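> When you get a sec, could you give me coordinates for this:
(one chain, ligands or ions: 1)
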Amino acid sequence: MRATIIHAPGDIRVENAPEPTITAPTDAVIRTVATCVCGSDLWSYRGVLPIAEPWAIGHEYVGVVEEVGSEVSTVRPGQFVIGSFVASDNTCPNCRAGYQTSCLHAQQVNGAQAEYVRIPIADGTLVATPEQPDEELIPSLLTLSDVMGTGWYAARAAEIRPGSTAVVVGDGAVGLSGVIAAKELGAERIIAMSRHESRQKLALEFGATDIVTERGEEGVARVKELTNGVGADSVLECVGTQESMRQGLQSARPGGNVGFVGFPHGTQIDGQELFFSHVGLRGGLAPVRSYLPDLIQRVFDGRINPGKVFDLSLPLDQAAEGYKAMDQRRAIKTLLRP
Ligand SMILES: [Zn+2]
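So this is what the prediction gives:
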């Protein structure tokens, strides 16, 4: 089969690789229908995360079950399935509390930018769609395996309630998905912070009511201006830098909440500042498995269309170009078709 291998920073190759097989009775192998490049894949691509040896990259996928191990009972060959980027049993105490990415038996899913992928603990990890989806639903379903679920978690962690005011920091695929989540959860005012025209347009289409182009102190001042001087009820921090975290914490009102899902790179939080802000903070690796049944239904019902974050679609063999386009910010997110 064809699989995407990262050899070194900037060095992505689609190569022949052995097809994955069932290695544990709880595994499934799926034929990938669509996969994509994640913002977090770029950390390896840019050399921020070291690459000790070439490895099969990719953790976002939808596909058709090809084969299951003898202990798999909730999915069967032929079903169209979506799963999280972290495999989880969905039965341990952490899973039952809704934190499947902290599953006591969690395993990272890798190698998804390929024609076939092995999914561990398939019963807990994969969710089958109610029927075979129409072609046009596939990009939206694919976002549920990471970015849309992550935006949803940011909105939940920020405790968005009907009628509330939300700020979304970050206009990447996760931030844009966060706008969708804020709208679905009933936020009345959604302030998207973005300086890119095409992304502003998509944010407005997804439900943003205001765009703030300023950053840092000026961005905070602009949010305060829009919120009667007090700040927002909920802030979704979807970047992970020191600047975005500061901006997030300072944009929330006392008693407000920040949901932070941007993977932190060198962020520091001042204890005393947090103490006096009265701002609640929750985040981490999004338990997207928790939201799959609900979000699959919203996609099938046509309520949400997060697949619009894919502004580049390429055959799998052109994965290298897909990475380059995202790295150079020519594309928000690249979909790959095996
Ligand atoms: Zn678990």
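> which ones are touching whichever residue of the stretch 201-338 of the chain sits closest to the ion?
Nearest to the ion in the stretch 201-338 of the chain, going by Cβ to the ion, is Arg289, at a distance of 9.3 Å. Bear in mind the C-beta positions are built from the backbone N, C-alpha and C, glycine included. If you count contacts by Cβ atoms under 8 Å, 6 or more residues apart in numbering, Arg289 has them with Gly83, Ser84, Val86, Ser88, Asn90, Cys95, Gln100, Thr101, Gly124, Thr125, Val127, Gly149.
> go again using 6 Å as the cut-off
By Cβ atoms under 6 Å, 6 or more residues apart in numbering, Arg289 lies in contact with Ser84, Ser88, Gln100.
> tally of neighbours for the second one?
Read that as Ser88. The tally of other residues near Ser88 (other Cβ atoms under 10 Å) stands at 27.
> so what's it up against?
Cys95, Gln100, Cys103, Ala106, Gly124, Arg289.
> Report the separation between it and Gly266.
Using Cβ to Cβ, to the nearest Å, Ser88 is found at 29 Å from Gly266.
> Then Leu285?
Leu285 is 18 Å from Gly266, where distance means Cβ to Cβ.
> Can you name the residues in contact with the lowest-mean-pLDDT helix or strand in the chain?
The helix or strand of the chain with the poorest confidence is helix 41-45; it has a mean of 92 (mean pLDDT, DSSP states H and E). Outside helix 41-45, the residues that touch it by Cβ under 6 Å, 6+ apart are Ile6, Leu49, Ile51, Ile57, Tyr323, Asp327.
> Nearest residue to the closest residue to the ion within the stretch 101-250 of the chain in space, ignoring adjacent ones along the chain?
When distances are taken as Cβ to the ion, the stretch 101-250 of the chain reaches nearest to the ion at Cys103, 3.0 Å away. Excluding the flanking residues, the one nearest Cys103 by Cβ to Cβ, 6 or more residues apart in numbering is Ser88, at 3.5 Å.
> Give the next helix or strand downstream of the least confident helix or strand of the chain.
Following helix 41-45 in sequence order, the next helix or strand is strand 55-56 (DSSP states H and E).
> still on that earlier bit, in ChimeraX, how would I select the buried members of the contacts of helix 41-45?
Remark: buried members of the contacts of helix 41-45, expressed as a ChimeraX selection using 16 or more other Cβ atoms under 10 Å:
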select :6,57,323
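> CSV for the contacts of helix 41-45, including pLDDT?
Putting those into CSV (pLDDT from 0 to 100) gives the following:
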residue, pLDDT
Ile6, 97
Leu49, 86
Ile51, 92
Ile57, 97
Tyr323, 97
Asp327, 95
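> And the contacts of helix 41-45, which two are furthest apart?
Ile51 and Asp327 (15.1 Å; Cβ to Cβ).
> what are the phi and psi values for Tyr153?
The phi/psi pair for Tyr153 (degrees, to the nearest 10) reads phi -60, psi -40.
> My guess is it contacts Ala286. True?
Yes. Using Cβ atoms under 6 Å, Tyr153 is in contact with Ala286, at 3.6 Å.
> Excluding covalently adjacent residues, which one is nearest to the most centrally placed residue in the chain?
Geometric centre of the chain, nearest residue: Val147, 1.9 Å, by Cα atoms, centre = their mean. Distances taken as Cβ to Cβ, 6+ apart put Ala173 closest to Val147, at 4.3 Å, once the chain neighbours are dropped.
> Does Ile211 belong to a helix, a strand or coil?
When classified by DSSP: H, G, I helix; E, B strand; the rest coil, Ile211 comes out as strand.
> and it, what does it touch?
Residues near Ile211 by Cβ under 6 Å, 6+ apart: Ala192, Gln200.
> try it again with 10 Å
By Cβ atoms under 10 Å, 6 or more residues apart in numbering, the contact set of Ile211 is 171, 190-195, 197, 199-201, 203-204, 222.
> Of all pairs in these, which one spans the longest distance?
The most widely separated members of the contacts of Ile211, counting by Cβ to Cβ, are Lys201 and Arg222 (19.2 Å).
> And the two? Which one has more around it.
Arg222 (19 against 13).
> Could you tell me how many residues sit around Glu67?
By the criterion of other Cβ under 10 Å, Glu67 has 17 neighbours.
> For the helix or strand containing it, name the packing helices and strands.
Using DSSP H and E, the element containing Glu67 is strand 61-68. Using 3 or more Cβ pairs under 10 Å, 6 or more residues apart in numbering; DSSP states H and E as the contact test, the elements touching strand 61-68 are strand 28-36, strand 80-83, strand 116-119, helix 122-125, strand 126-128, helix 138-143.
> Noted, bye for now.
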